[in-house]
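K.L.:
quick check, what structure comes out for this input:
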Amino acid sequence: MTAPACKGIRPGLYAITDSALMPDSRLIRDVEAALTGGAVMVQYRDKNSPPSDRLSQARSLQAACRNAGALLIINDDPELALRVGAAGVHLGQGDRPLHEARQLLGDDAIVGITCHGDLELARTADQAGADYLAFGRFFVSGTKPTAPPADSAVLGRARQFGKPVTAIGGITLNNAAQMICAGADLLAVVGGLFGSDDTEQRAREFANLFSRHHPLFHLSSVRES
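P.N.:
Next up, the predicted model:
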């Protein structure tokens, strides 16, 4: 079973920015490189910069994503998502309720929810109207080292909800295929992407893994043959 298309979400690399890894001077350049390499979604995650800086960066990222035909998601800030015209917002379990973000952004916006490794959290998010479900961490993560570990089996089980399934937490080229085969439609990658000396090539390598391992790519190949 493959998740249906949902508000333009396509299977592929979901690039997550990190202000600790990416100084302001590199942010836009590195995201543009990831988009050129094939990232289909970008999440702007910066909890520390001044609001004016975050607004400026988010606007630049929205322009880059629009030019690349990709989707920009803002981490935990529906107001910022609304101001820059982003595709939507990602919310953690400790963030504001989904219905508040939906009320502000509207029915067409994408709202993704962190579900850790818990299928019941995913069920609650699905019933509340989440557009994609994010699980993890699956491996040691420099971004969220204290996050509870998740079992990759939850990715396949989450397909029952018919929503795109995202894997996050320590994803690298060495374990990415494993996550796709387990059921991930999107791989949310931070250090495994932006920690590279060649972000564009690293993004291209992740994208190639989807073309080789994700069911929707196989279905397309069968239909074309």
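K.L.:
hey, where'd the helices end up in the chain?
P.N.:
24-37, 51-68, 78-84, 98-105, 119-128, 153-157, 176-182, 191-194, 199-213, 215-224 (DSSP state H).
K.L.:
looking at the ones you listed, which is closest to Thr17?
P.N.:
With Cβ to Cβ, the closest approach to Thr17 among those belongs to helix 24-37: 6.4 Å. C-betas here are computed from N, CA, C, even on glycine.
K.L.:
which residues does the closest one contact?
P.N.:
For helix 24-37, the surrounding residues in contact (Cβ atoms under 8 Å, 6 or more residues apart in numbering) are 13, 15, 17, 19, 22, 42, 49, 53, 57, 60-61, 64-65, 68, 70, 193-194, 198-204, 206-207.
K.L.:
quick one on the thing from earlier: so which of the helices of the chain is the most packed in?
P.N.:
Burial of those is given as mean neighbour count (mean count of other Cβ atoms under 10 Å); helix 191-194 ranks first at a mean of 23.
K.L.:
and the residue nearest to Ser60 when sequence neighbours are not counted, how far from Ala63?
P.N.:
Once flanking residues are discounted, Ser60 sits nearest to Ile28: 5.0 Å by Cβ to Cβ, 6 or more residues apart in numbering. Ile28 sits 9 Å away from Ala63, going by Cβ to Cβ, to the nearest Å.
K.L.:
give me the pLDDT value at Phe135.
P.N.:
Looking at Phe135, its pLDDT is 97.
K.L.:
residue contacts, it?
P.N.:
Shown in contact with Phe135 (Cβ under 8 Å, 6+ apart): 115-117, 122, 150, 154-155, 158, 165-168.
K.L.:
which members of those residues occur in strands, if any?
P.N.:
Residues of these located in strands (DSSP state E): 165-168.
K.L.:
what is the nearest of the residues you listed to Arg212?
P.N.:
Nearest to Arg212 among the ones in strands among the contacts of Phe135: Ala167, at 16.5 Å, using Cβ to Cβ.
K.L.:
tally of neighbours for the closest one?
P.N.:
A total of 30 residues lie near Ala167 under the criterion other Cβ atoms under 10 Å.
K.L.:
Leu173 now?
P.N.:
Neighbours of Leu173 (other Cβ under 10 Å): 15.
K.L.:
per-residue pLDDT of it, please?
P.N.:
Model confidence at Leu173 (pLDDT) stands at 97.
K.L.:
these two touch, right, it and Phe206?
P.N.:
Yes: contact criterion Cβ atoms under 8 Å: Leu173 and Phe206 qualify, at 6.9 Å.
K.L.:
look up the closest residue to Pro149, ignoring the ones flanking it.
P.N.:
Using Cβ to Cβ, 6+ apart, the closest residue to Pro149 is Arg137 (6.1 Å).
K.L.:
which ones are touching the one you found?
P.N.:
Arg137 neighbours (Cβ under 8 Å, 6+ apart): 144, 147-150, 168-170.
K.L.:
how much space between it and Arg26?
P.N.:
According to Cβ to Cβ, Arg137 and Arg26 sit 24 Å apart.
K.L.:
kindly report the same for Asn174.
P.N.:
Distance of Asn174 to Arg26, given as Cβ to Cβ: 24 Å.
K.L.:
equivalent analysis for Val111, please.
P.N.:
Distance, Val111 to Arg26, by Cβ to Cβ: 28 Å.
K.L.:
same check on Leu193?
P.N.:
13 Å.
K.L.:
also Asp46?
P.N.:
Distance, Asp46 to Arg26, using Cβ to Cβ: 13 Å.
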